[in-house]
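> below: sequence and its predicted model.
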Amino acid sequence: MFKEIPNYRSICNNNKNETIWVRGETAWGLFDCAKLEYIVLPQFDVVHACDKFPDCYFVGKNGKYGAYNSKGGSLLRCEYDELKDLGWTGIRTKKGEKFGLFYDCGKTSNVIPCDYDEIIYLENNYSFILKRDNKWAITYQGKLLSAPIYEEYTYKYSFHQNDSVVVKHNGKYGLYYKNKLVINCEYDELKIDTPMIHNGKYGMFSSDGCKVLDFIYDKIEARHKEYYYVVKGAKHGVFDVKTKRVTIWFDTELKAVRFIETITTPIPQFTDKNFF
C-alpha cells in the first residue's frame, strides 16, 4: 500500500493513537493502523515530528507549511513559509520576513499574527517576548498583554521568579507577573527579591510584585539567607524572610548582628567521642 514507511523515531512523537504518517505513491498522509484507513489523505510533500511541541507534526506542500496532531486534527493551515517549535507550548510561525506565534497548552490555544521581527521564548513555558521596530511586547499563555512599547526586558529563570518579567518604558522600570503589570513603570531601577533604593530609601519587592519592605529604610543588608539587617533612623532591626516582617529592634547595629549570628549558628551535636 505504501511507498515509504519511515523510521518510527523520526516520524512519531509519543503517539498513543495508533496512527503513523506514511507516503503513498507521491504524497504523505496520516494512516490509522487500527482502522486500516487514512484519516488525513496523502497530500503533503514532507512531514516530520516536532522536537519539543507535544503531539505535533509539521507538514509541507508546495513550499508552505502547516501542522497536525496524531488524531488528524489540523493545528495550523498549510500557509506558512516556516514553522519552528520553541517549547512545549509554542510554535513560531513565519510569513515573508515576519514572525507570529501559535500557542497551545492543551486547555487554551491562540494564534498571534505574523507581525513581528523576532520572537523569544522564556523558559517558564508560558511567556513569549515579541519584537517589532526595536520595541518589545509581552505575552502570557498565548495572549498579548501589551503593544510593542518596551525598550528593554529582563528575565532571569529561577524557581521563585519564573513568571516575572522586568520591563522598561520611557526610561523607567516596571514588572509583569504572569498576566498582569503588577508594578508600574516608575522606578529608575527594579530589583526582585533583593534590596533596592527608591527616592533615597531602601525597600524590597518580591517576584510577584508585592512590596515586602516599604521604601522607608536607611539601610538593608542580607546577613543570612533567611534574615536581613535593616536600619530605620536610630533603630536597628532584623527582617525575617519567612514571615516577611521585622521581628525585633535593637538600639545598636552590633546587637542586631549578634542576634542574627546567634539564631543562625547551628547547635553542636555531641556524641560520646566529644568527651574523649
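Great, that's in hand.

> ok, and what's touching the longest helix along the chain?
With residue count as the measure and DSSP state H as the assignment, the chain has helix 253-264 as its longest helix. Applying Cβ atoms under 8 Å, 6 or more residues apart in numbering, the set of residues contacting helix 253-264 from outside is 223-224, 226-227, 229, 231, 236-238, 248, 250. Backbone N, C-alpha and C define where each C-beta goes, glycine included.

> just the buried ones among these, please.
Among the contacts of helix 253-264, those classed as buried by 16 or more other Cβ atoms under 10 Å are 223, 227, 229, 231, 236-238, 250.

> can I get those in CSV with pLDDT?
Formatted as CSV, those follow (pLDDT from 0 to 100):
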residue, pLDDT
Arg223, 88
Tyr227, 94
Tyr229, 96
Val231, 97
His236, 97
Gly237, 96
Val238, 96
Phe250, 96
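
> now for these: which two are most distant?
Taking Cβ to Cβ as the measure, the buried ones among the contacts of helix 253-264 reach their widest spread between Tyr227 and Val231, a distance of 14.1 Å.

> hmm, back to that, okay, buried residues for the longest helix of the chain please.
Burial within helix 253-264, assessed by neighbour count using 16+ other Cβ under 10 Å, is assigned to 256-257, 259-260.

> in this structure, which spans are helices?
Using DSSP H, helices in the chain cover 8-11, 253-264.

> any idea what the nearest residue to Tyr38 once chain neighbours are set aside is bridged to?
The spatial neighbour of Tyr38 that comes closest, neighbours along the chain excluded (Cβ to Cβ, 6 or more residues apart in numbering), is Gly29 at 4.8 Å. Per DSSP bridges, residues listed as beta-bridge partners of Gly29: Val22.

> right, and Gly29 touches Asp45 too?
No. Contact between Gly29 and Asp45 fails when scored by Cβ atoms under 8 Å: they sit 11.7 Å apart.

> the two: who's more crowded?
For the pair Gly29 and Asp45, the greater number of neighbours falls to Gly29 (19 against 15), based on other Cβ atoms under 10 Å.

> isn't Lys242 up against Glu226?
Yes. Counting by Cβ under 8 Å, Glu226 is a contact partner of Lys242 at 6.4 Å.

> which residues does the closest residue to Leu181 other than its chain neighbours bridge with?
In space, Leu181 comes closest to Gly174 once its chain neighbours are excluded; the distance is 6.0 Å by Cβ to Cβ, 6+ apart. For Gly174, the residues forming beta bridges with it (DSSP bridges) are Val167.

> any stretches of the stretch 1-150 of the chain with poor pLDDT?
Applying pLDDT under 70 to the stretch 1-150 of the chain flags the ranges 3-17, 125.

> hang on, the earlier thing: now the helices of the chain as TSV including distance to Asn134?
As requested, the helices of the chain are arranged in TSV below (distance: least, Cβ to Cβ, whole Å):
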stretch	distance to Asn134
helix 8-11	39
helix 253-264	46
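
> good, we can wrap up now.
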